[in-house]
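S.K.: Turn this into a structure:
(one chain, ligands or ions: 2)
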Amino acid sequence: MNCAFYLLRTRYQMAATSANSLSIRSKTRSLPQSNPHGIKFNSQNHLHYNFKSSFLGYKITTTHQQTLTQTQSKTLKVNASFKVAILGAAGGIGQPLSLLIKMSPLVSDLHLYDIANVKGVAADLSHCNTPSKVQDFTGNNELSNCLKDIDIVVIPAGIPRKPGMTRDDLFNINANIVKSLVEAVADNSPNAFIHIISNPVNSTVPIAAEILKQKGVYNRKKLFGVTTLDVVRANTFVAQKKNLKLIDVDVPVIGGHAGITILPLLSKMKPNVSFTDDEIEELSVRIQNGGTEVVEAKAGAGSATLSMAYAAARFVESCLRALDGDSDVYECAFVESEITELPFFASRVKIGREGVEGVVSSDLEGLSEYEKKGLEALKGELKGSIEKGVAFANKEK
Ligand SMILES: NC(=O)C1=CN([C@@H]2O[C@H](COP(=O)(O)OP(=O)(O)OC[C@H]3O[C@@H](n4cnc5c(N)ncnc54)[C@H](O)[C@@H]3O)[C@@H](O)[C@H]2O)C=CC1
Ligand SMILES: O=C([O-])CC(=O)C(=O)O
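M.R.: Ligands and ions are numbered 1, 2, ... in the order given. Predicted coordinates for the structure are as follows:
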């Protein structure tokens, strides 16, 4: 069942009219998002992808089986050839994220950068007997070496919220951190996929885009704001509420990554489930406030780290698979987009070797009345956050 789910191919009709006008229309009501791969070693210590399971998600029991047969898994020529850098690797997100990426069979080199405490994190991780070589880097002098020949740069550097704060309250500090790190990425790994986690994502992604433009290396297809945690939360909360098997649940979440800009599309989810108006309101508000729920529970000790690391690892793994030639990779992400009148918007995107190949524009068609109102309501705030980021990046040009 899970294998069939993974291997299921939905047919897409590319409606790209030009390189700058990317869009995908789904012939079906909803598209699958990527299933992360599981990893297995056989008795000869050969790595397998296990399409029935994954350390990042589905069917953990299968992952724990001691033996594998050819019928259960598909043996791949292991291609641990991609280089990943994590900037902010010693932080609350950075550490568990580094561990999850260390588990990927596709990664040959894992570069960990932080302004503090990264040496110990790297020494610790380097003892895990998975393929990638771990190296630590710290301070500005080592940042350029950290970024040389990197395929994917993940940026979770920056301060997290405390109770009572909005993500925008992090702007003053995190905008500068993201600016300086993206400048270094532009100088040293201009062709890398860039995954921005640092909040406020609705502003830090436009900042990154402007910095890359200033450096003459902006490629809209390779810059992503990581909104995977919104999808992870939506899938979890909806499955709990409706007593569904998690493996079957896939809720697209569009818009941005703060408060009402987070818009789950329950009308587009898989499987097709009906909700009362009260359920729609309750689930949507809980998904929008998921970050605040964790901030309050941590009571001053930070925001989501473990679930965020899980979500970011899923997004990295999806991009690695796309880089490795998998032509069926779909994830929600906050990207430059023409799907609405706003210059950036989170939606489902198809990811390939060169980055974003298209956005799933059909997700915005046939919305419920609740979703239509939500979409109109989020535009003002999202526009303001995008413009704030653009203005910041250009103020001292
Ligand atoms: N996109 C999303 O869905 C989510 C985003 N976040 C955001 O992720 C960011 C990080 O959160 P945590 O890991 O919990 O914070 P943290 O404070 O635990 O870790 C941040 C790390 O960044 C490092 N750092 C600071 N300035 C740096 C610089 N210039 N270069 C390299 N490293 C630097 C710090 O030394 C620290 O190790 C926050 O802005 C938070 O709001 C958090 C959860 C979800
Ligand atoms: O809420 C926060 O500050 C961290 C975050 O973005 C999330 O957990 O979604």
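S.K.: The helix or strand where Lys213 lies and ligand 2, are they touching?
M.R.: Element membership for Lys213 (DSSP states H and E) is helix 201-214. No: Helix 201-214 does not reach ligand 2 (Cβ under 6 Å from any ligand atom); its nearest approach is 7.1 Å. Where C-beta positions appear, they are placed from N, C-alpha and C, glycine not excepted.
S.K.: Kindly provide the whole-number mean pLDDT of that helix.
M.R.: The pLDDT scores in helix 201-214 average 99.
S.K.: same question, stretch 320-333
M.R.: Averaged across stretch 320-333, pLDDT comes to 97.
S.K.: and it, how far out from the chain's middle?
M.R.: Averaged C-alpha coordinates place stretch 320-333 at 12 Å from its chain's average position (Cα atoms, centre = their mean, to the nearest Å).
S.K.: Also stretch 355-366?
M.R.: Relative to its parent chain, stretch 355-366 has a centroid offset of 16 Å by Cα atoms, centre = their mean.
S.K.: Using neighbour counts, pick out the buried residues of that stretch.
M.R.: Gly355, Val356, Glu357, Gly358, Val359, Val360, Ser361, Ser362, Asp363, Leu364 (16 or more other Cβ atoms under 10 Å).
S.K.: ok, and the closest non-adjacent residue to the first one?
M.R.: Of all residues beyond its chain neighbours, the one nearest Gly355 is Lys221 (3.2 Å), with distances taken as Cβ to Cβ, 6 or more residues apart in numbering.
S.K.: now check the helix or strand containing Thr292, is it near ligand 2?
M.R.: Following DSSP H and E, one finds Thr292 within helix 290-298. Yes: using Cβ under 6 Å from any ligand atom, helix 290-298 reaches ligand 2 at Gly290, Gly291, Thr292, Val294, Val295.
S.K.: just to revisit the earlier point, name the helices or strands packed onto the helix holding Lys213?
M.R.: helix 171-188, strand 193-196, strand 223-225, strand 329-336, strand 344-352, helix 369-394 (3 or more Cβ pairs under 8 Å, 6 or more residues apart in numbering; DSSP states H and E).
S.K.: For Val251, which of those is the nearest?
M.R.: Of all the helices and strands packed on helix 201-214, strand 329-336 sits nearest to Val251, with 9.3 Å by Cβ to Cβ.
S.K.: Which single residue in the stretch 101-250 of the chain comes nearest to ligand 2?
M.R.: Proximity of the stretch 101-250 of the chain to ligand 2 (Cβ to the nearest ligand atom) peaks at Arg161, 3.7 Å away.
S.K.: what about that residue, which helix or strand?
M.R.: Per DSSP H and E, there is no helix or strand for Arg161.
S.K.: Can you point out the buried residues in stretch 240-247?
M.R.: By neighbour count with 16+ other Cβ under 10 Å, stretch 240-247 contains the buried residues Leu244, Ile247.
S.K.: my guess is the residue of the stretch 101-250 of the chain closest to ligand 2 contacts Arg167, does it?
M.R.: Yes: between Arg161 and Arg167 there is a contact at 6.6 Å, judged by Cβ atoms under 8 Å.
S.K.: How about Glu325: what's its closest non-neighbour residue?
M.R.: Not quite, residue 325 is Gly, not Glu. Arg353 is the one closest to Gly325 (Cβ to Cβ, 6+ apart), at 6.7 Å.
S.K.: should've said Ser327
M.R.: Spatial nearest neighbour of Ser327, chain neighbours left out: Gly352 (6.7 Å); criterion: Cβ to Cβ, 6+ apart.
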